[in-house]
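1. below is the sequence, then the predicted model.
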Amino acid sequence: MTEFPAVASGENVTRQVLADHPELMVVAFNFAKAGAEGALHNHPHVQSTFVSSGRFLFTLGDEQREVGPGDSFVIPSELTHGCVCLEPGVLIDSFTPRRDDFL
């Protein structure tokens, strides 16, 4: 089993690969402070997000959605998305296929 380090992913945001396989990757994003952002972006991967803790305001295309512990949703390939942390917490994201840019 390979251990992956936590790396900076933005101001007050770190990401750590938890598990990976060419067809699937699981990543934890830790938001240390309210106001920390996951910048708007898109990618060819389908993404599933689970809110482990904290509160977040997500932008998903033209929609905004506030989510909290226990919430989950799927982000289709190429949909522009991002979030703002409202209360510090952790997001668990799964990507298919694997995000090779995170390795």
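-> Yep, that arrived.

2. got a list of what Val26 touches?
-> 17-20, 92-94 (CB atoms under 8 Å, 6 or more residues apart in numbering). All C-beta spots, glycine's among them, are computed from the backbone N, C-alpha and C.

3. 10 Å instead?
-> 16-20, 48, 50, 92-95, 98 (CB atoms under 10 Å, 6 or more residues apart in numbering).

4. and Gly54, by the same measure?
-> Taking CB under 10 Å, 6+ apart, we find Gly54 in contact with 30-31, 34, 36, 67-69, 85-91.

5. what about it, distance to His45?
-> 23 Å (CB to CB, to the nearest Å).

6. dead centre of the chain: give me the residue that sits there.
-> Asp93 (4.8 Å; CA atoms, centre = their mean).

7. okay, that residue: pLDDT?
-> Among the per-residue scores, Asp93 holds a pLDDT of 98.
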